[in-house]
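Colleague: Prediction below, plus the sequence it came from.
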Amino acid sequence: MLEKKSNIKAWFYLLPAMALLSVFTFYPLFNAFYLAILRDFSFLNRTASGFTLFGNFIEVIKDRNFAIAMKNTSIIVFVSVPISVLVALFISVGLNSIKKLQGIFQTIFFLPYVTNAIAIGMAFAFIFHSDYGLFNTFLGWFGIDPVNWIGMGASWSTAMFALLIFTVWGGLAFKIMVFLSGLQSIDKQYYDAARVDATPRSRVFRRITVPLLSPMIAYITITSFIGAFKAYRTIIGMFGPTLRPPGTLSKDSLITIVGLVYQSLRNADTIGEISRAASASIILFAITLIFTLIQMWVSKKRVHY
Amino acid sequence: MEITLKNLTKIFQEKDKGEITAVNNLNITIPSGKLVGLLGPSGCGKSTTLYLIAGLLNPNKGRIFFGDEDVTDMPPEERGIGLVFQNYALYPHMTVRQNIMFPLENIKVEKQEALKRSQEMADLVGIGELMDRKPKQLSGGQQQRVAIARALVKKPRVLLLDEPLSNLDARLRLATREEIKRIQRETGITTLFVTHDQEEAMSISDQIVLLNFGIKQQEGEPQDVYDQPDNLFSAKFLGTPPINIFEGEIKNKKLIFNDMELTTKDSPDKNVLIGIRPEGFIIDKKSAFSLSVYMVETIGRDTTLIIKNPLDEEETFRAIVDASHRIKPGDTIKFKIKPEKLFVFDPETGELL
């Protein structure tokens, strides 16, 4: 136990961080909850007609875009995250086992991390261009006709497919970096021991590498899920502010829950929209929190520290 | 399974230091069913030799035979070896049972059979009740036994142990070395272990192989190597307290130290290094060889006299004498030297004369 005197000292050292956090994190956080329960809040006049506990939440849920946003967000979360974690795992194990050019490959795989998501999104929009995109050229090698992925009037499913590929790729860099550093900290003797005992490669991966890497895998999975729930930048990068391929109806929108928040914020002048934005973000927060708690509960049983 | 190393050489390429010859033209025969200690100071190439035999390293030159079979180009998993690593390399996320069963699962032994064999092996090494623990919940000595059980469970032809006792505390070390000896006896497996601790090697080995700079110095039963060292290195490396070495000369067929005659020596006149084991000193009033005692260490069983070298005050040597002599610091004592405890070495080559 710290003595009282040094306790005060500790608080003193925390003061600058606490001050900043209070202004930029805690206040907005509590303010969001406050905004969410105001009835008919006007952003311009800073007035409200009273309080409503669930009114704003109900309005958000009743919005026809909400169901679409939930569907899109769920697909992005439950498809892109498992795929990108698995792909990153295989790439890092591969990278870790090569000796030559490892540094170069590491740099190549890390590049997406230091590149702006909007810029990458635009690059990907070009890759999926129906006439001169790389992806259709690639498919052409296998005799597949060009597909209108994200162009004028493209369907929701092709647009979502392109978005998922982009999301998976964009998330690889950081995961690979974490997995690689994890792999490099695993004692080589485990692998020597496995070799002497004639362990097949797939078994080494399943029984030794994955369990010893499980703290990293759990960390990456949880943070990736949280990140994926907040997906927005990728979509605006690829499809622009309409969040859907040009010439499509809003039912084919790729809007996510964060997209919903921004949609309300854009109409902040309308009475009650700010409260709806706050409500939507609280709904997202609640979903993410519940999901993270479940994951932490699961990983407690499956992770070997 | 007899292990034969023929002209075994391993050269490492180091970036800044150039080539390092870790194992240099090594020829060793490890007799079947024996416990052999590979002994040498750190960096002498003993662990490298072990990993060459295991197949985790490949030699630059030379061959390795298990019996008549040339295993040099065989991958480790086909050699039929059990290897115990210095830090045991137990899989931390598996229980003791899972660790021991792991090699059996690899070779697709049927589950019931694998469980039975694991339990037998665990019982043999004395950890039969700890099967559901994780390695972290075990003491160093218990982990060591799990590692041995894991190495032995697939019935290897050869057991290799890398510094098996170095991670244990002094008391456990004594117990564990007896344990290794017992397990080796009961299984009858040809066992090679690596150590830098001469006491450890001598106490349990049927044979020891002494290495220095990747070159074999001497090979034989521990007592033989101790009694008849081939060279200065062997003499210095074995024995606690270590052998006393000082400069002397051979003149007119006499071995002279500080103008005192120690014994006769039928060799041409030259400067030599004289080695006397601490237990080779006998108090004898008629002797011409006298030394002044600097300090006395009493143990009870015997007494160690610490004597300053009259030629070099910085150096001391140790003589172990019977406790019945009550000797005080400052006394001048006359000694006779047991001839079998006295060795004369060439100062340039270190060879025994």
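Modeller: It's in.

Colleague: Any residues of the stretch 151-300 of chain A in contact with chain B? List them.
Modeller: Residues of the stretch 151-300 of chain A that fall close to chain B, judged by Cβ under 8 Å from any Cβ of the partner chain: A:187, A:189-190, A:192-193, A:195-200, A:203, A:207-208, A:211-212, A:214. (C-beta placed from N, C-alpha, C; glycine too.)

Colleague: Report the buried members of these.
Modeller: A:189-190, A:192-193, A:195-199, A:203, A:207-208, A:211-212, A:214 (16 or more other Cβ atoms under 10 Å in any protein chain shown).

Colleague: What is the neighbour count of the residue in the stretch 1-150 of chain A that chain B sits nearest to?
Modeller: Closest to chain B within the stretch 1-150 of chain A is A:K99: 13.5 Å, counting by Cβ to the nearest Cβ. Neighbour count of A:K99, defined by other Cβ atoms under 10 Å in any protein chain shown: 6.

Colleague: got a list of what it touches?
Modeller: Not one residue lies near A:K99 by Cβ atoms under 8 Å, 6 or more residues apart in numbering or on different chains.

Colleague: so which strand or helix has it?
Modeller: If you go by DSSP states H and E, A:K99 is not part of any helix or strand.

Colleague: any idea of the pLDDT on it?
Modeller: Looking at A:K99, its pLDDT stands at 79.

Colleague: what do you get for B:R182?
Modeller: 89.

Colleague: next one: B:G300
Modeller: On the pLDDT scale, B:G300 is placed at 84.

Colleague: That one belongs to a helix?
Modeller: No: counting by DSSP: H, G, I helix; E, B strand; the rest coil, B:G300 is not found in a helix; it is coil.

Colleague: ok so, going back, select from the residues of the stretch 151-300 of chain A next to chain B every entry located in helices.
Modeller: Here DSSP state H is the test, and those give A:Q189, A:Y190, A:D192, A:A193, A:R195, A:V196, A:R203, A:P211, A:L212, A:S214 as lying in helices.

Colleague: would CSV of those residues with pLDDT be doable?
Modeller: What follows is these, written out as CSV (pLDDT from 0 to 100):
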residue, pLDDT
A:Q189, 90
A:Y190, 93
A:D192, 91
A:A193, 92
A:R195, 90
A:V196, 89
A:R203, 92
A:P211, 92
A:L212, 92
A:S214, 91
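
Colleague: Please name every helix or strand in contact with the strand or helix carrying B:E313.
Modeller: Taking DSSP H and E as the criterion, B:E313 maps to strand B:312-322. Judged by 3 or more Cβ pairs under 8 Å, 6 or more residues apart in numbering or on different chains; DSSP states H and E, strand B:312-322 is in contact with strand B:244-251, strand B:281-283, strand B:302-309.

Colleague: Quickly list the domain ranges of chain B.
Modeller: If you go by automatic domain parsing, the domain ranges for chain B are B:3-237, B:244-345.

Colleague: For A:L86, find the nearest of these.
Modeller: Judged by Cβ to Cβ, the one of those that comes nearest to A:L86 is domain B:3-237, at 20.0 Å.

Colleague: With respect to burial, which of the domains of chain B scores highest?
Modeller: domain B:3-237 (a mean of 19; mean count of other Cβ atoms under 10 Å in any protein chain shown).

Colleague: And that domain, end to end?
Modeller: From its first residue to its last, domain B:3-237 covers 25 Å (Cα to Cα, to the nearest Å).

Colleague: just checking, B:E179 touches B:V125?
Modeller: Yes: applying Cβ atoms under 8 Å, one finds B:E179 in contact with B:V125, separated by 7.5 Å.

Colleague: hey, what's in contact with both of the two?
Modeller: The contact sets of B:E179 and B:V125 overlap at B:R145 (Cβ under 8 Å, 6+ apart).

Colleague: secondary structure element for the residue of the stretch 201-305 of chain A at minimum distance from chain B?
Modeller: Nearest to chain B, among the residues of the stretch 201-305 of chain A, is A:H304, at 3.6 Å (Cβ to the nearest Cβ). In the assignment (DSSP H and E), A:H304 maps to no helix and no strand.

Colleague: Neighbours of it, how many?
Modeller: 14.

Colleague: what does chain B put close to chain A?
Modeller: Residues of chain B lying near chain A (Cβ under 8 Å from any Cβ): B:54-56, B:75-78, B:81-83, B:85, B:87, B:89, B:91-94, B:102-103, B:105-107, B:150, B:154.

Colleague: Secondary structure element holding the residue nearest to B:I245 when sequence neighbours are not counted?
Modeller: Leaving aside its sequence neighbours, B:I245 sits nearest to B:G275 (Cβ to Cβ, 6 or more residues apart in numbering or on different chains; 5.1 Å). Assigned by DSSP H and E, B:G275 falls within strand B:270-276.

Colleague: Does A:L180 touch A:S97 like I think?
Modeller: No: here A:L180 does not reach A:S97: they are 11.0 Å apart, not a contact under Cβ under 8 Å.

Colleague: low pLDDT regions in the stretch 251-353 of chain B?
Modeller: The model of the stretch 251-353 of chain B has no residue with pLDDT under 70.

Colleague: give me the residue from it nearest chain A.
Modeller: Closest point on the stretch 251-353 of chain B to chain A, by Cβ to the nearest Cβ, is B:G350, at 35.8 Å.

Colleague: check contacts around that residue.
Modeller: B:G350 neighbours (Cβ under 8 Å, 6+ apart): B:N231, B:L232, B:F233, B:L273.

Colleague: repeat for B:A147
Modeller: Counted by Cβ under 8 Å, 6+ apart, B:A147 has contacts B:V84, B:F85, B:Y88, B:A89, B:L90.

Colleague: so how many other residues sit close to the closest residue to A:R244 other than its chain neighbours?
Modeller: What sits nearest to A:R244 in space, not counting adjacent residues and going by Cβ to Cβ, 6+ apart, is A:S253, at 4.3 Å. By other Cβ under 10 Å, the residues close to A:S253 number 22.

Colleague: What values do phi and psi take at A:S253?
Modeller: Phi and psi for A:S253, reported as degrees, to the nearest 10, are phi -70, psi 150.

Colleague: So what's the predicted local confidence for A:M1?
Modeller: 49.

Colleague: Check whether B:G280 really touches B:K338, as I assumed.
Modeller: Yes: using Cβ under 8 Å, B:G280 makes contact with B:K338 at a distance of 4.5 Å.

Colleague: Show me the strands in chain A, by range?
Modeller: Using DSSP state E, the strands found in chain A span residues A:38-39, A:50-51.

Colleague: Touching the first one from outside, list them.
Modeller: Contacts of strand A:38-39 with the rest of the structure, by Cβ under 8 Å, 6+ apart, involve A:A48, A:S49, A:G50, A:F51, A:T52, A:G55, A:N56, A:G272, A:S275.

Colleague: ok, now stretch B:2-15?
Modeller: Residues from elsewhere that reach stretch B:2-15 (Cβ under 8 Å, 6+ apart): B:19-32, B:45, B:48-49, B:52-53, B:57, B:59-67, B:158, B:190, B:192, B:214.

Colleague: among the strands of chain A, which gets the worst mean confidence?
Modeller: Among the strands of chain A, strand A:50-51 scores lowest, with a mean of 86.

Colleague: what about the closest residue to B:F343 other than its chain neighbours, distance to B:L305?
Modeller: Excluding its sequence neighbours, the residue lying closest to B:F343 (Cβ to Cβ, 6+ apart) is B:G275, at 4.3 Å. Look at B:G275 and B:L305: by Cβ to Cβ, to the nearest Å, they are 17 Å apart.
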